[in-house]
Each structure stands twice: as C-alpha cells, then as structure tokens.
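J.: Return atomic coordinates for the entry below.
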Amino acid sequence: MSTLVITIISLCAIGVVSAVILYFVAQKFKVEEDPRIDIVEGLLPGANCGGCGYPGCRGLAEAAVKSETMEGILCPVGGAETMNKVAAALGREVKAQAPKIAVVRCNGTCENRPRTSQYDGARSCAIEHSLYVGDTACGFGCLGCGDCVAACPFDAIHMDSTTLLPVVDDDKCVACGACVKACPRNIIELRNKGPKDRRVFVSCVNKDKGGVAKKACANACIGCGKCAKECPFEAITVENNVAYIDYTKCRLCRKCVAVCPTGAIHELNFPPRKEAAPAVDADKIKPATAPKPAAPKADAPKTEAPKKESPKAEAPTANATPNAETPKIETKEETIQK
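T.: The predicted structure follows:
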C-alpha cells in the first residue's frame with residue numbers, strides 16, 4: 001500500500017473520531033435557549049444601538065424573557081408600541097413609560113461665549129477635552145467638534161453652523177443615548193419629551209462661581225438660587241454653583257424662566273407669552289375722588305322763621321370826626337333879620 005493512501009485513510013479516521021468526540025461534548029455541555037427569545041428578537045427593530053442598556057436587541061430579548069415584571073426594560077427605538085407587542089408575546093403587562101429625547105444643556109453660542117484661542121488639532125471632542133479647556137474660557141461647555149453627530153446612528157443630531165452647537169431633531173431622535181456616551185463633557189442628557197414636546201431645563205453645566213461663569217458666557221448659570229425659590233413644586237436644586245430641574249417633578253409652570261437673570265433656563269415648544277401691560281408711574285396716577293353723597297330729602301315741609309330787620313347803621317363820612325358838631329349854614333333871610 002502506498003504512503004499516499006495510508007495518509008488519506010489516517011486523516012479520514014482522525015476526522016471521524018474527532019467529529020464523534022465533538023458531538024458528544026456538544027450534547028454534554030449544550031445550553032438550551034428559550035424559543036421565546038427568537039420570537040421577541042423578531043419583534044424588535046434590530047437597530048442594535050444599545051440604548052436599552054443591553055448588548056444589542058438579542059440581549060434585550062433575553063432580558064425580557066427572563067424578567068417577570070419587565071420593569072425597566074424599554075426599547076427606545078421601538079417605543080411603547082414595540083414593548084406592547086413584546087409583552088403580548090410573553091403574556092405579560094408592561095407599564096407605559098414616558099418617551100424621552102436628548103437635550104443639549106449648553107447655550108454657549110458665538111455671541112454668548114467669546115473665543116479666547118484657536119484649536120488647531122484633531123477634530124475630536126474627546127481629544128480636545130483631554131488637552132485643555134477648549135477655545136473659550138468655559139471649561140464645561142460644548143467643544144463643537146461633533147462627536148455626538150458621528151455617534152448618532154439615526155442622523156438625529158447636527159451641528160449648527162451659526163451657533164456651533166449641536167441641535168437635536170425631535171422627530172428623528174429615539175433616545176438611544178449614543179450621543180450621551182459620546183460627549184466627553186456630559187452636556188447631553190436624556191429627558192422626558194413632555195406633553196406636546198414642551199420642556200423646561202437649565203441650559204448650562206458650568207460649575208464655576210457666578211462671576212467666573214458669567215465672564216466666560218453671558219448665558220451661564222450663576223447659581224443665584226432665584227429659580228429654586230420661585231419654584232412651587234421643589235423641582236429645582238442648586239448644587240456646585242449650577243441649578244438643575246428635575247423633570248419628574250417639574251409641572252412646566254415656567255415661573256423659573258421669568259426670574260432667571262441670565263436667561264440660562266430654556267423653554268421649548270411653548271406658545272408665545274402674552275405681553276404684560278406697560279408699567280405706569282404711581283406718582284402720576286391721580287387718586288379717584290369718591291362722589292359726594294346726596295343729602296337726604298326730608299319728608300316734612302320746612303317752615304321758615306320770620307326774618308327780623310336789623311337797623312342799618314349809617315356809614316360815617318370820611319372827613320367827619322367823632323363827637324364834632326356840624327356847622328350850621330345861615331340862609332339869606334336870617335341874615336337880614338339880624
């Protein structure tokens with residue numbers, strides 16, 4: 001028998017034996033999966049964005065099958081409609097959760113935050129953040145390199161060419177959280193969309209003291225605490241020289257917006273406010289005079305008392321002296337008789 005034939009037979013025998021061994025090992029250590037996992041995965045959108053907090057849609061499907069209450073399990077891309085289908089497939093109930101959206105908490109536009117230097121390195125927020133505070137005096141604001149734009153898988157965020165700040169598209173954003181993870185300065189936050197997409201939030205994360213923050217950005221939060229005192233729902237806290245609005249407590253009354261001295265609190269998608277009447281100087285306002293009450297009419301007729309005539313006193317002449325006799329003028333006849 002030739003060497004070639006012996007080699008071929010030996011290799012075939014080794015392959016067959018190895019296959020048999022692998023088969024028994026696989027049967028011994030195999031992991032049985034719940035068939036419902038494949039069903040749930042088929043109901044998910046398949047974006048594999050990781051916004052749910054699990055490694056892809058497969059991870060979310062496994063967590064949903066293993067969970068008994070499905071509390072805290074949400075697909076941000078599919079939303080409530082997808083989660084209702086998943087719950088129906090598993091025979092469970094899911095609580096309705098408020099939809100969320102990404103919010104950029106920085107208002108450091110070119111007008112509000114002047115540039116103090118020019119960055120000439122790699123266009124990456126992560127790299128620029130690791131090197132220095134940035135091209136402005138604010139070491140907490142947006143760097144404007146667009147890492148969040150590159151990280152968004154749904155094209156829901158873009159850089160504004162005028163303000164050099166990221167802008168979120170409400171219609172495209174699914175709150176996957178990719179932009180939140182990509183931002184090295186944590187200025188992007190997932191918040192509730194709110195009724196009719198109305199939101200109130202502090203658009204600043206600067207933790208410097210008021211004077212320093214105000215010098216770096218005209219719209220910076222100075223931590224004065226006026227908004228916290230004005231809020232009737234205790235939804236605002238001031239910590240590390242910056243205010244924060246808890247969206248779970250906020251009732252969108254917008255009283256905090258009116259008292260903010262720097263305009264750091266933003267209100268989105270609200271109708272325009274009614275213009276207040278112009279203030280009038282109190283000194284120029286004449287007090288209204290109350291009308292005089294009419295005299296009551298007497299029912300009985302009035303009787304007038306007879307008037308007594310008082311003797312008229314003769315006015316003394318101008319040249320007359322008191323107790324002096326008036327000289328008597330004699331007539332012509334009296335003179336002849338004498």
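J.: drop to CA atoms for contacts and neighbour counts, all remaining ones
T.: Will do.
J.: three-state assignment of the spatially most central residue of the chain?
T.: Closest residue to the average C-alpha location of the chain: residue 200 at 1.8 Å, with Cα atoms, centre = their mean. Recorded secondary structure, residue 200: strand (DSSP: H, G, I helix; E, B strand; the rest coil).
J.: now do residue 72
T.: Applying three-state DSSP: residue 72 is coil.
J.: Ramachandran angles for it?
T.: Note on residue 72: its backbone torsions stand at phi 80, psi 0 [degrees, to the nearest 10].
J.: pLDDT weak spots in this protein?
T.: In the predicted model, the chain carries pLDDT under 70 at residues 1, 275-338.
J.: so where do the strands sit in it?
T.: 100-104, 157-159, 166-168, 188-192, 199-202, 236-239, 242-245, 265-268 (DSSP state E).
J.: follow-up on the earlier one: tell me the bridge partners for the residue nearest to the centre of the chain.
T.: Beta bridges link residue 200 to residue 267, judged by DSSP bridges.
J.: all helices of the chain, in order?
T.: For the chain, helices defined by DSSP state H occupy the ranges 3-29, 35-43, 56-66, 79-90, 125-131, 147-151, 178-182, 210-216, 226-230, 255-259, 332-337.
J.: Of the ones you listed, which is nearest residue 50?
T.: helix 56-66 (5.4 Å; Cα to Cα).
J.: Buried residues, that closest one. List them.
T.: For helix 56-66, a neighbour-count test (16 or more other Cα atoms under 10 Å) marks 56-62, 64-65 as buried.
J.: What is the nearest of these to residue 245?
T.: Set against residue 245, the nearest of the buried residues of helix 56-66 by Cα to Cα is residue 60 (30.5 Å).
J.: show me the residues around that closest one that make contact.
T.: 41, 52, 54, 73 (Cα atoms under 8 Å, 6 or more residues apart in numbering).
J.: what's the answer for residue 273, then?
T.: Applying Cα under 8 Å, 6+ apart, no residues qualify as near residue 273.
J.: shouldn't residue 244 be in contact with residue 231?
T.: No - assessed by Cα atoms under 8 Å, residue 244 is found out of contact with residue 231, at 11.8 Å.
J.: coming back round to it: out of the contacts of residue 60, the closest to residue 33 would be?
T.: Out of the contacts of residue 60, the member with the shortest distance to residue 33 (by Cα to Cα) is residue 41, at 12.9 Å.
J.: Count residues in the vicinity of the closest one, would you?
T.: 19 (other Cα atoms under 10 Å).
J.: Quick one: closest of the strands of the chain to residue 5.
T.: strand 157-159 (66.3 Å).
J.: okay, now the domains of the protein?
T.: Domains of the chain are assigned by automatic domain parsing as 34-97, 100-268.
J.: Compare the ones you listed and give me the one nearest residue 5.
T.: Using Cα to Cα, the domains of the chain put domain 34-97 closest to residue 5, at 46.8 Å.
J.: do you know how far residue 75 is from residue 82?
T.: Taking Cα to Cα, to the nearest Å as the measure, residue 75 falls 7 Å from residue 82.
J.: What residues sit buried inside stretch 159-175?
T.: 159, 163-168, 170, 173-175.
J.: let me redo that: stretch 41-58
T.: 41, 43-44, 48-54, 56-58.
J.: cool, stretch 142-154 as well?
T.: Neighbour counts over stretch 142-154 (16+ other Cα under 10 Å) mark 142-149, 151-153 as buried.
J.: How far does it stretch from one end to the other?
T.: Distance between the boundary residues of stretch 142-154 (Cα to Cα) amounts to 21 Å.
J.: Give me the nearest residue to residue 97, chain neighbours excluded.
T.: If the residues on either side of it in the chain are set aside, residue 97 comes closest to residue 80, at 7.2 Å by Cα to Cα, 6 or more residues apart in numbering.
J.: count of residues packed around the one you found?
T.: Residue 80 has 18 neighbours, counted by other Cα under 10 Å.
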